[in-house]
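S.K.: model this:
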Amino acid sequence: MDTAELLILLIGSLAVTGFARAKGLPAPLLVTAVALAASFVPGLPEITIDSEVILTVVLPPLLYSAALDVSWQSFRQSIKQIRRLGIFLVIITALAVAVAAYLLIPDMDWPAAILLGAVVAPPDAVSAASIGRKLGLPRRVMTVLSGESLINDAASLTLVRVFTLIAAGTSLTIWQDLGIFGLAIGVGFAVGIVLGVAVHWIRMRINDPVVETIMSILLPFVAYVLAEHLSGSGVIAVVTAGLYIGYNSPKEGYATRLQERPLWTSIDVILEGFVFALIGLQLKTVVQDLLESDRSLTQTLTAAAVVLLVVILVRPLFVFESYVRNRFNGRWLRPLRIRLSRGHPSLRWLRGSAEPKLNWRELLVISWTGMRGVVTLAAAVAVVADPVQIKAQDTIFIIAFVVTVGTLLLQGLTLPFVIRALRVQDPGEGEEDVRSEMRLNQRTTEAAIALLERRRPAWSEQYGAAAVDSVVNRLKARLERQAETFRRDAEEEEDEERNAPMRLRGAQIQDIRRELLDRRREIVLEEREKGNLDEEVMRRVLVTLDAEELAMDSAQASRSRS
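M.R.: Predicted coordinates for the structure are as follows:
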């Protein structure tokens, strides 16, 4: 792909993404559909996927950005569900696909069949997460989906690494296989932690938002490449570093946080559009490969359709098997576990840890979020591009493409209807967030007032009583006004709870506040045009108004992401 083709692809995908966002449509699906149609336009140059570019340039920033937004507390609480989906479901899917492929494709041996299963096993949560946020999925569901997407790629790519070696003729024992898995996890985690700690330590001391932001941009690439160079999992390294930086970012300077959030949002939009455009543009190549191959077209398409069906069905079967088993364990075995754990301290682990409980509607939504994406296609391209011949290489790529596009169109297009039909939404979470925000603001304001009084004597000795009293009294009065405002807002919230029909939703209140901000900006510009306002003063006032709107948008985005 030359520079001109890359620019055309980026501009085209961005244009379609912008249209989709403006119309409230799922951008990944629309970009894929438009690119599928564009792949047959006469004269359009053939654009091929470079797996190295996808895995080292596109995947790390997408994973890192997602990890930054994941709540570590929620991730830790849901770790059992995330582990089941992100590791065990990947293995089960790979084995189920391997059985189907081995039975349907005559020239495919077991290593190649399992390799195919590993390629198509990991769901891509980009489109699912964007749809879920837009439709207001509960926080516990979004946490599971986001957490799964952070670790399932590592499990899949490690399986691909192992079975690529086996399919190429390398003899590995079961202990060597486990050693590769253990090394990938251990090295990836160590690299991510070391780099995360080092970057956070530096950013705490340099106080330069521009340099700190550049370090954040470079971190996922360095983590991925270094971990892969050391035979570890680059995905785990990136995710670990992102979780560490995201958890510790409140300790860093506010200017860096304000600068990084819109930057990573922009990077996500560009890369996601680019990836899904690449997926769609491969249709022409896949059709040509099918027509030129020596294998039966009907046989290949039948195998691809069966694998697609297996991929779609395995996920709900696995999810609901866990649900039924957990209900059985909870009803019959958990009381026994609790009695045993009380009887002997060494058996406390039998109780298990508390985790958010998901009802059957939420599990059904999770079961239908199995769309495949960038990792599946990049891994398939890597298999085809491998210089060592593997049985049925071309078939693996064709089936991977059919599964990717098929899940995007079948599940992606119907997921919004599933969410709406099941009413898997929790508007109460947003309202509770607003009340928690008010309570927190009130507590911080009261703590600041107490600090003023506590530190007044020391400041008076250091700076002079008269000067300190003037400043402290002014600051205290301002803080008390803020505390009164927060208290009054909380009382109004309680009144609105009692008068629900008269209540405005959070989004409606945001619209009103945004309209007020727009009017204040108009006044600023009018004063500038009349010559009553210096340009520098105007910029400082606009920065204040922009910061107010950014805080409002950030709070809304955090509630929708969490």
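
S.K.: Pull the contacting residues for G234.
M.R.: Going by Cβ atoms under 8 Å, 6 or more residues apart in numbering, G234 touches 55-56, 60, 188, 223-225, 227-228. All C-beta spots, glycine's among them, are computed from the backbone N, C-alpha and C.

S.K.: Of the residues you listed, just the buried ones, ChimeraX syntax please.
M.R.: In ChimeraX syntax, the buried subset of these is picked out as below (16 or more other Cβ atoms under 10 Å):
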select :55,56,60,188,223,224,227,228
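
S.K.: Pull up the gap between A450 and T444, please.
M.R.: A450 sits at a distance of 11 Å from T444 (criterion: Cβ to Cβ, to the nearest Å).

S.K.: What of Q81?
M.R.: As judged by Cβ to Cβ, Q81 and T444 stand 33 Å apart.

S.K.: Tell me which of these two has more neighbours.
M.R.: Between Q81 and T444, Q81 has the larger neighbour count (other Cβ atoms under 10 Å), namely 24 against 14.

S.K.: Figure out the helix or strand that E522 lives in.
M.R.: Using DSSP states H and E, the element containing E522 is helix 506-529.

S.K.: Could you export that helix as CSV, CA atoms only?
M.R.: Output of helix 506-529 as CSV, limited to C-alpha atoms (Å, rounded to 0.1, in the frame of the first residue of the first chain):
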residue,chain,number,x,y,z
GLY,A,506,-29.5,14.0,32.2
ALA,A,507,-29.1,14.4,28.5
GLN,A,508,-31.8,17.1,28.4
ILE,A,509,-30.1,19.0,31.2
GLN,A,510,-26.8,18.8,29.3
ASP,A,511,-28.5,20.2,26.2
ILE,A,512,-29.7,23.2,28.2
ARG,A,513,-26.3,23.8,29.8
ARG,A,514,-24.7,23.5,26.3
GLU,A,515,-27.0,26.1,24.9
LEU,A,516,-26.1,28.5,27.7
LEU,A,517,-22.4,28.0,27.0
ASP,A,518,-23.0,28.7,23.3
ARG,A,519,-24.8,31.9,24.1
ARG,A,520,-21.9,33.0,26.4
ARG,A,521,-19.4,32.4,23.6
GLU,A,522,-21.5,34.5,21.3
ILE,A,523,-21.4,37.4,23.7
VAL,A,524,-17.6,37.0,23.9
LEU,A,525,-17.2,37.1,20.1
GLU,A,526,-19.6,40.1,19.8
GLU,A,527,-17.5,42.1,22.3
ARG,A,528,-14.4,41.2,20.3
GLU,A,529,-16.0,42.3,17.0
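
S.K.: which strands and helices sit next to that helix?
M.R.: Judged by 3 or more Cβ pairs under 8 Å, 6 or more residues apart in numbering; DSSP states H and E, helix 506-529 is in contact with helix 427-463, helix 535-561.

S.K.: Can you flag the weakest of these by average pLDDT?
M.R.: Among these, helix 535-561 carries the lowest mean pLDDT, a mean of 70.

S.K.: Next up, the contacts around A20.
M.R.: 26-27, 30-31.

S.K.: do the same with H200
M.R.: Here H200 is in contact with 244-245, 248, 251-252 (Cβ under 8 Å, 6+ apart).

S.K.: Tell me which residue of this protein is furthest from the middle?
M.R.: Distance to the chain centre peaks in the chain at A466, reaching 53.8 Å (criterion: Cα atoms, centre = their mean).

S.K.: now it: how far from G531?
M.R.: Here A466 is placed at a distance of 40 Å from G531 (Cβ to Cβ).

S.K.: V197 too?
M.R.: Look at V197 and G531: by Cβ to Cβ, they are 54 Å apart.

S.K.: rewinding a little: now the angle from the helix holding E522 to helix 535-561?
M.R.: Angle of helix 506-529 versus helix 535-561, following axes from the mean of the first three to the mean of the last three Cα atoms, to 10 degrees, is 170 degrees.

S.K.: Distance from the chain centre to helix 506-529, please.
M.R.: In this view, helix 506-529 has its centroid 32 Å away from the chain centroid, taken as Cα atoms, centre = their mean, to the nearest Å.

S.K.: What of stretch 78-85?
M.R.: Distance, stretch centre to chain centre, for stretch 78-85: 15 Å (Cα atoms, centre = their mean).

S.K.: What of stretch 443-458?
M.R.: 40 Å.

S.K.: Buried residues in that stretch, which are they?
M.R.: Of all the residues in stretch 443-458, those buried under the rule 16+ other Cβ under 10 Å are 445-446, 449, 452, 456.

S.K.: can you check stretch 29-40 too?
M.R.: For stretch 29-40, the neighbour count (16+ other Cβ under 10 Å) marks 29-36, 38-39 as buried.

S.K.: Need those in TSV (columns: secondary structure).
M.R.: Output for these, formatted as TSV (DSSP: H, G, I helix; E, B strand; the rest coil):
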residue	secondary structure
L29	helix
L30	helix
V31	helix
T32	helix
A33	helix
V34	helix
A35	helix
L36	helix
A38	helix
S39	coil
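
S.K.: related to what we said a few turns ago, let me have the contacts of G234 in TSV, adding distance to Y102 as columns.
M.R.: Listed next are the contacts of G234 as TSV, based on distance: Cβ to Cβ, whole Å:
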residue	distance to Y102
L55	27
T56	32
P60	33
G188	30
A223	36
Y224	33
V225	35
A227	32
E228	30
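
S.K.: Go through the contacts of G234 and name the one nearest V287.
M.R.: Here the nearest of the contacts of G234 to V287, counting by Cβ to Cβ, is L55; it sits at 25.2 Å.

S.K.: Test my guess that P220 contacts A241.
M.R.: Yes - taking Cβ atoms under 8 Å as the definition, P220 is a contact partner of A241 at 7.0 Å.

S.K.: So which of those two has more stuff around it?
M.R.: Neighbour count, other Cβ under 10 Å: between P220 and A241, A241 has more, with 34 against 28.

S.K.: OK, contacts around the more buried one?
M.R.: By Cβ under 8 Å, 6+ apart, the contact set of A241 is 64, 67, 191-193, 195-196, 199, 219-220, 223.

S.K.: Quick one, which of those residues are buried?
M.R.: Buried members of these, counted by 16+ other Cβ under 10 Å: 64, 67, 191-192, 195-196, 199, 219-220, 223.

S.K.: for those, which one is nearest T407?
M.R.: Proximity of these to T407 (Cβ to Cβ) peaks at A67, which lies at 23.5 Å.

S.K.: Among the contacts of H200, which lie within helices?
M.R.: Those of the contacts of H200 mapping onto helices are 244-245, 248, per DSSP state H.

S.K.: Now for the closest residue to K391 other than its chain neighbours, how many residues are close by?
M.R.: Take K391 and drop its neighbours on the chain: the residue closest to it by Cβ to Cβ, 6 or more residues apart in numbering is A112, 4.5 Å away. Counted by other Cβ under 10 Å, the residues lying close to A112 total 26.

S.K.: Correct me if wrong: A112 contacts V119.
M.R.: No - counting by Cβ under 8 Å, A112 does not reach V119; the two are 10.5 Å apart.

S.K.: Name the helix or strand for L377, please.
M.R.: helix 374-385.

S.K.: Name the residues of that helix that are buried.
M.R.: For helix 374-385, by 16+ other Cβ under 10 Å, it's 374-384.

S.K.: Out of the residues you listed, which is nearest to R474?
M.R.: Nearest to R474 out of the buried residues of helix 374-385 is V374 (Cβ to Cβ; 55.0 Å).

S.K.: quick one, what contacts the closest one?
M.R.: With contact taken as Cβ under 8 Å, 6+ apart, V374 is in contact with 54, 58-59, 62, 124, 126, 275, 279.
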